[in-house]
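Chemist: give me a model of this one.
(chains A and B)
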Amino acid sequence: MSRSKPPMTEPFVRFRLYVAGDAPYSQRAVANLHAFCRTHLPERYEVEIVDLLSQPERALADMVLLTPTLAIVEPPPLRSIIGDLSDTSVLEHMLLTDRAGR
Amino acid sequence: MSGAQPSSRDRNDELLALVADLEVIQRRILDLTNGQIDAVVQPSGILSLLPAAQESLRQREAEQRAFAAERAAILDAIPAQIALLNETGQILAVNKQWLAFGCANDLPADYSSVGKNYLEICEGVRDSAAGEMRALAEGIRSVLDGRTESFSVEYPCPTGHDVRWFQLLVSSLGRDVGRGAVAMHIDITRDRAVREELRHTAARLNTILDNLLDGIITLNEQGIIESLNPATARIFGYAPEDLLGRNVAMLMPADLALHHDGFMQRRASRGGGIVVGFQREVEGLRADGSRLPLELGVTDMQLGDRHYYVGILRDITERKRLERLQSEFVSTASHELRTPLASILGAIKLVMHGSETLPPAAAQLIGLAERNAERLDHLVNDIFDAEKLASGQIQLQLAPLALHQLAARCLEATTIYATKQRVQLQLDSASVDGPMVHADGARLRQALTNLVANAVKFSPPGATVRIRVREQDGWGRVEIEDRGSGIPQAFRDRIFQRFAQADGSHSRSKGGSGLGLHIAKGLIECHQGRLDFRSEPGQGSTFWFELPIWRLAAPQDADHAPQLPDGESGASPWSGSGSV
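Modeler: Residues are numbered from 1 along each chain as shown, chains lettered A, B, ... in the order given. Prediction:
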């Protein structure tokens, strides 16, 4: 949502979150993701929300079979997390290993 | 055989195994995600919501429908024309009144309906209101652009037969909802008319107050001056701003101010009962410290839950001065008249009752001179007494006396006059010793004589004037009843005024100064008594007066009588004596 020039050392993170309209877990996933980003990735993240209720074709194209599903689009490689993100440890782990890998 | 098509049986077994696996997979997915799944995408691309998510979305839709209905109902209930605009000025929603306005003004049905751009509508107006409407559009735009949170303007709206006034209120929807605004038109034609009327009324009243010679002042319950007109400031020699918000005690001499504070406190503690307007003379204190006489009327005023006093002040310095001048003139003149008159009367009596018999022609002339000199003497005395009553200079020599005996003496003195008028006098008393009152015998006799002489004067020849003396409810009462023509209705209100005459010609024919009743009433009231009359036209009149009964056990306190400090001799033959 908010985007500004990222610091040189910290990579910019681009998410895509697949949801089913206002369904409860989807909504929770949106809220949890925003809370996580505000805390851990201030000023260097972007979230695209894909509502599969209105764009079901995106599901097969992106190989998403369940909602909510979070895709880390950038930095590559593309990775996915299924669920409402109430447990952020997987997300943290993925972003950390990503940085460690560079 | 290997490589051959699997038999239908094998295919079925494999399918069953896959389905079993699918069940395991699905259960496993739910396990792994703790069931935090809303929907599953089928291989066909169809998204199937899980039952819990379906139920939740159904509920949410129902809530949104209910909310929309509530919002519409609320908007319709507000007596204003309301539209919801998006950030471009496009109308997203309107209430009933908004639609009704278009209909009432013969505008096309979809003139400003949902979907139209309100800014374009306003700017498209080409009639006489074009300027106003462009200003409205600019105001709305400033809110939509986020330059301001809200905007409000009053504007006239010509509607065929008359001009109505509206107020437009635009307020931003706020950041949470996104850009956009609520526009609200309120018909304020009536409010404006009322406001205008109030303004005119206030202006009119202010003009009157500003030009009034009398001072008008408003105080709150604490005695603080809340408003005053220029005359008030002028009377006291202040500038109006020096008085506003100050305690009114600053306009009073110190002694009166103390008393006033006590008064205000007592009023406050009593909870402010309504005092009927009363008027009295008080002293005021000017800015330069000098005192001035004022006539003050005070009225209570209740505005909402607040209590005020309204005071009307008149500077009576000039009137006082004139009264004093007049009083001085009258007493001087009376005195200067009485002295030579006494000599004239004395000389005439000497000539009349001297040893020498006068020639008939001379005796007739001397008699004429005596009657007229006596009339003149009465007149001067009456004027003198009336003046003393008016200035409060009557001095009473109080002593206990019996009303019956007073009446008897009075009748004796009037008998000669009554006989001349061929009128009978009759005295009825319950007791020859009663009733006892505490009074100045000479003054009381003067009052009674005036009443009896009046009764005789207005009785036809052969009639009887009855004087009744009795005690009634703690009062000593004397009634004088005549058989005259009665007192005309029109004259009753001013019968006790100075120089009052029912009808000039009639009164003149009967003689008299027109001061008798005025003096009698004044004298009785000096004694804490009361005097009044009842009359039937054609039947006669009854004048009566009452004085408080005097008893040995509880003598009337002389202080209650309006006895003034010595200042005038005026001793009469009855002064200091007891009953006559």
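Chemist: every contact and neighbour count from this point should use C-alpha atoms.
Modeler: Will do.
Chemist: can you list the weak-confidence ranges in chain A?
Modeler: Residue ranges of chain A with pLDDT under 70: A:1-9, A:97-102.
Chemist: burial count for residue 38?
Modeler: Let's take chain A. 13 (other CA atoms under 10 Å in any protein chain shown).
Chemist: nope, chain B
Modeler: Neighbour count of B:Asp38, defined by other CA under 10 Å: 28.
Chemist: strands of chain A, residue ranges please.
Modeler: A:13-19, A:45-51, A:66-67, A:69-74, A:79-82 (DSSP state E).
Chemist: chain B is nearest to which of those strands?
Modeler: Of all the strands of chain A, strand A:66-67 sits nearest to chain B, with 4.5 Å by CA to the nearest CA.
Chemist: what about the closest residue to B:Leu49 other than its chain neighbours, distance to B:Ile416?
Modeler: Ranked by CA to CA, 6 or more residues apart in numbering or on different chains and with sequence neighbours excluded, the top spatial neighbour of B:Leu49 is B:Ala39, at 4.2 Å. Using CA to CA, to the nearest Å, B:Ala39 is found at 134 Å from B:Ile416.
Chemist: of the two, who's got more company?
Modeler: B:Ala39 (26 against 11).
Chemist: wait, isn't B:Ser431 in contact with B:His404?
Modeler: Yes - with contact defined as CA atoms under 8 Å, B:Ser431 reaches B:His404; the gap is 7.4 Å.
Chemist: could you dump the strands of chain A into JSON lines and include distance to B:Gly124 and mean neighbour count?
Modeler: Output for these, formatted as JSON lines (distance: least, CA to CA, whole Å; neighbours: other CA atoms under 10 Å in any protein chain shown):
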{"stretch": "strand A:13-19", "distance to B:Gly124": "44", "mean neighbour count": "22"}
{"stretch": "strand A:45-51", "distance to B:Gly124": "40", "mean neighbour count": "18"}
{"stretch": "strand A:66-67", "distance to B:Gly124": "49", "mean neighbour count": "27"}
{"stretch": "strand A:69-74", "distance to B:Gly124": "49", "mean neighbour count": "21"}
{"stretch": "strand A:79-82", "distance to B:Gly124": "54", "mean neighbour count": "17"}
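Chemist: which one of the ones you listed lies nearest to B:Leu517?
Modeler: strand A:45-51 (108.8 Å; CA to CA).
Chemist: how close does B:Arg338 get to B:Ala453?
Modeler: Counting by CA to CA, the gap from B:Arg338 to B:Ala453 is 22 Å.
Chemist: which residues touch the helix or strand containing B:Gln405?
Modeler: Element membership of B:Gln405 [criterion: DSSP states H and E] is helix B:403-420. With contacts defined as CA atoms under 8 Å, 6 or more residues apart in numbering or on different chains, helix B:403-420 is touched by B:424-425, B:427, B:429, B:431-437, B:441, B:445, B:448-449, B:452-453, B:456, B:467, B:469, B:476, B:478, B:579-580.
Chemist: just the C-alpha atoms of it, please, in CSV.
Modeler: What follows is helix B:403-420, C-alpha atoms only, in CSV (Å, rounded to 0.1, in the frame of the first residue of the first chain):
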residue,chain,number,x,y,z
LEU,B,403,-64.8,60.5,69.2
HIS,B,404,-68.3,61.1,70.4
GLN,B,405,-67.3,64.3,72.3
LEU,B,406,-65.3,65.4,69.3
ALA,B,407,-68.3,65.0,67.1
ALA,B,408,-70.6,66.8,69.6
ARG,B,409,-68.2,69.8,69.6
CYS,B,410,-68.0,69.8,65.9
LEU,B,411,-71.8,69.8,65.5
GLU,B,412,-72.1,72.7,67.9
ALA,B,413,-69.8,74.7,65.7
THR,B,414,-71.6,73.7,62.5
THR,B,415,-75.1,74.3,63.8
ILE,B,416,-75.3,78.0,62.9
TYR,B,417,-74.3,77.2,59.3
ALA,B,418,-76.7,74.2,59.2
THR,B,419,-79.6,76.4,60.5
LYS,B,420,-78.9,78.9,57.8
